[in-house]
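predicted structure and sequence below. I'll ask about it afterward.
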Amino acid sequence: MISSPIQKETLTTEAGSFQLCWSEHSIGSQTCHRLRVKLGRSFSPLRLLSDATDWAFVWRGRDDGFLTLALDALVVISEAERMKVGRDSTLQWFGGQTFYAEGADEWGDLRRGLWFLPALTWKLADDESILIIQSLGLGKDLRSQMKTRLLQILSELDAPCIPAVDSAPQVLQRTDLPEFDGWKRSLEAAKKGFRDGLFTKVVMSRSSRLQLDKSDTWLFWLSKLLEYREESYVFAIKSPDGHCFLGRSPERLLAWKEGFFQVDAIAGTRRRGASKDADQSASKDLQLSAKDLIEHRYVSLYVGSLLKNLSLSFEKVDDEKLLQLTHVQHLRTRFQGKLSPQCDAFELLKCLHPTPAVGGLPTLPALEFIRSHEVSERGWYAGYIGWCSQTSGECAIGIRSALIYRDSIHIFAGAGIVADSDIEAEWDETELKMQNFLRCLKPTIVAAGPLNHDHNEATVQR
């Protein structure tokens, strides 16, 4: 909670006059001092991120008119700790949760879910920006130190610009995990599970690991994700040890503000058409597909039933409407409603994940099957990522995403499998979902596909 009213003062510098807004917030037994200042211009996010060596977080919401950057962790907490701290804190925390409770060592400092309170937060719009500086501690010199930090930042921003982000890296090798034959075996096992009555839907994922000719390419990939303005979240979280998880996801898990919430149910996919007529034909095919409608309704009925069982008041605002993105289009049903004292946003978030959009139905048998049959460790893929405070927050499902470390990028994609699924078509769907990243590379890069299992001659679908 805020332990003191907001205090304002004017700071005059050679660059102009700025209004400083000071406030104090309690975090358990500690006090967080917060300085907020509005700047009359915007800055390149890539420039602000170029020297990031501590924790870094990037977020552009589906409906936001600004880009948020959070840098340098004052406090890092676990998902379990966030359940308590988030309820009591008016400050903004950034982070998320892995698909499973803990991932493999290949995820480094991102092997488990976490949330952090940043020392610096930037909110960038087209023609203005807001800078928030935060510091923990006591002492009358603290504000003076924070003002000195502000002046240092302003001085650095007036320095000559850094070079542009590097050109696309070259791919030295692509490894599909699994290759098509392994994918086929897993989906045949899933179909046996359907026949045996173990589950009605299971979401299977795969990954492609690209070894690159250069290291530390996360800003290149982020710049490409930010190029497109579509109804998707752009996100990235980078750890001090150099692991970076980033993506562009269309799927909202939960958004909440002042007691109200919104939830998405997204399932069913088609490629965007190359022409207007082809696109309309693909849309119509998706909306009339019995297989895709069944797959979608497993998710939407699950979400509706969960909200009802939690005794929450809610309504559907869209029902099986088209969501059209750059490379694909989906069926989407949206829910909105009111939180209750018995089920606040943090409790609802815990209950929602994983939905059948990324796990399956029934949940436990589907998750057991996924764990025993997938080759890649999901880590943050299909987990959730976002921000939260006491009264508001938003989390996206971490799909259309990748893990970057040193000279490799590990691209993830999944497909919802039901009894009528076609194994080759589901493989092609996952390849299509990887285009957020693969499209950035030259067309000579090898691409996977069921008609060319050796992957020696195929080219990336642009």
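Right, received. Where do you want to start? Numbering: from 1, shown residues only.

can we go C-alpha only for contacts and neighbour counts from here?
Fine.

got a pLDDT number for T12?
At T12, the model reports a pLDDT of 87.

CA atoms of the helix or strand hosting it as CSV?
Assigned by DSSP states H and E, T12 belongs to strand 2-13. Extracted as CSV, the C-alpha positions of strand 2-13 are listed here (Å, rounded to 0.1, in the frame of the first residue of the first chain):
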residue,chain,number,x,y,z
ILE,A,2,1.1,3.6,-0.4
SER,A,3,2.5,4.7,3.0
SER,A,4,2.7,8.4,2.0
PRO,A,5,0.7,10.7,-0.3
ILE,A,6,2.2,11.5,-3.7
GLN,A,7,4.5,14.5,-3.5
LYS,A,8,5.4,16.7,-6.5
GLU,A,9,8.4,18.9,-7.3
THR,A,10,9.9,20.5,-10.3
LEU,A,11,13.4,19.7,-11.6
THR,A,12,15.0,22.2,-13.9
THR,A,13,17.9,21.0,-16.1
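
strand partners of that strand, parallel vs antiparallel please.
Applying DSSP bridges, strand 2-13 is found paired with strand 16-27 (antiparallel).

avg pLDDT for the helix or strand following the strand it pairs with?
Using DSSP H and E, the helix or strand that directly follows strand 16-27 along the chain is strand 30-39. In this model, strand 30-39 has a mean pLDDT of 94.

hmm, I411 is touching S207, no?
Yes: I411 is within contact range of S207, at 5.3 Å (criterion: Cα atoms under 8 Å).

which parts of the lowest-mean-pLDDT helix or strand in the chain are buried?
The helix or strand of the chain with the poorest confidence is helix 79-88; it has a mean of 78 (mean pLDDT, DSSP states H and E). Of all the residues in helix 79-88, those buried under the rule 16 or more other Cα atoms under 10 Å are E79, R82, V85, G86, R87, D88.

just want the angle from it to strand 16-27.
On the basis of axes from the mean of the first three to the mean of the last three Cα atoms, to 10 degrees, helix 79-88 is oriented at 110 degrees to strand 16-27.

for stretch 400-407, output the C-alpha coordinates as CSV.
The C-alpha trace of stretch 400-407 is given here as CSV (Å, rounded to 0.1, in the frame of the first residue of the first chain):
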residue,chain,number,x,y,z
ARG,A,400,4.4,-18.5,-30.6
SER,A,401,7.6,-18.3,-28.6
ALA,A,402,11.3,-19.2,-28.4
LEU,A,403,14.2,-19.6,-26.0
ILE,A,404,17.4,-17.8,-26.9
TYR,A,405,20.8,-18.6,-25.4
ARG,A,406,24.2,-17.9,-26.7
ASP,A,407,24.3,-18.9,-30.4
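
where does pLDDT dip in the stretch 1-150 of the chain?
Along the stretch 1-150 of the chain, the model assigns pLDDT under 70 to residues 1-3, 86, 139.

let's go with 50 and repeat that
By pLDDT under 50, the stretch 1-150 of the chain has no low-scoring segment.

wasn't D126 part of a strand?
No: per DSSP: H, G, I helix; E, B strand; the rest coil, D126 lies outside any strand segment and is coil.

please name the nearest non-neighbouring residue to it.
In this structure, D126 finds its nearest non-sequential neighbour in S42, 6.3 Å apart by Cα to Cα, 6 or more residues apart in numbering.

pLDDT below threshold where in the stretch 301-450 of the chain?
Low-confidence segments of the stretch 301-450 of the chain, defined by pLDDT under 50, span residues 444, 446.

state which helix of the chain is the longest.
helix 290-309 (DSSP state H).

which element follows it toward the C-terminus?
strand 313-324.

dump that following strand to PDB, restricted to CA.
What follows is strand 313-324, C-alpha atoms only, in PDB (Å, rounded to 0.1, in the frame of the first residue of the first chain):
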ATOM      1  CA  SER A 313     -20.600 -13.700 -12.500                       C
ATOM      2  CA  PHE A 314     -19.600 -13.600 -16.200                       C
ATOM      3  CA  GLU A 315     -20.800 -13.400 -19.800                       C
ATOM      4  CA  LYS A 316     -19.600 -14.300 -23.300                       C
ATOM      5  CA  VAL A 317     -18.800 -11.200 -25.300                       C
ATOM      6  CA  ASP A 318     -17.600 -13.000 -28.400                       C
ATOM      7  CA  ASP A 319     -18.500 -16.600 -29.300                       C
ATOM      8  CA  GLU A 320     -16.500 -18.500 -31.900                       C
ATOM      9  CA  LYS A 321     -15.400 -15.300 -33.800                       C
ATOM     10  CA  LEU A 322     -12.500 -15.100 -36.100                       C
ATOM     11  CA  LEU A 323      -9.100 -13.800 -34.800                       C
ATOM     12  CA  GLN A 324      -7.000 -13.000 -37.800                       C
END
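
what residues of that strand count as buried?
F314, E320, L322, L323, Q324.

pull the number of nearby residues for C388.
26 (other Cα atoms under 10 Å).

contacts only, for it.
G86, Q92, W93, F94, E394 (Cα atoms under 8 Å, 6 or more residues apart in numbering).

ok, now A282?
R270, R271, R272, G273 are the contacts of A282 under Cα under 8 Å, 6+ apart.

burial measure for V375, as a count.
A count of neighbours around V375, defined by other Cα under 10 Å, yields 18.

tell me the secondary structure at it.
On the basis of three-state DSSP, V375 is classed as coil.
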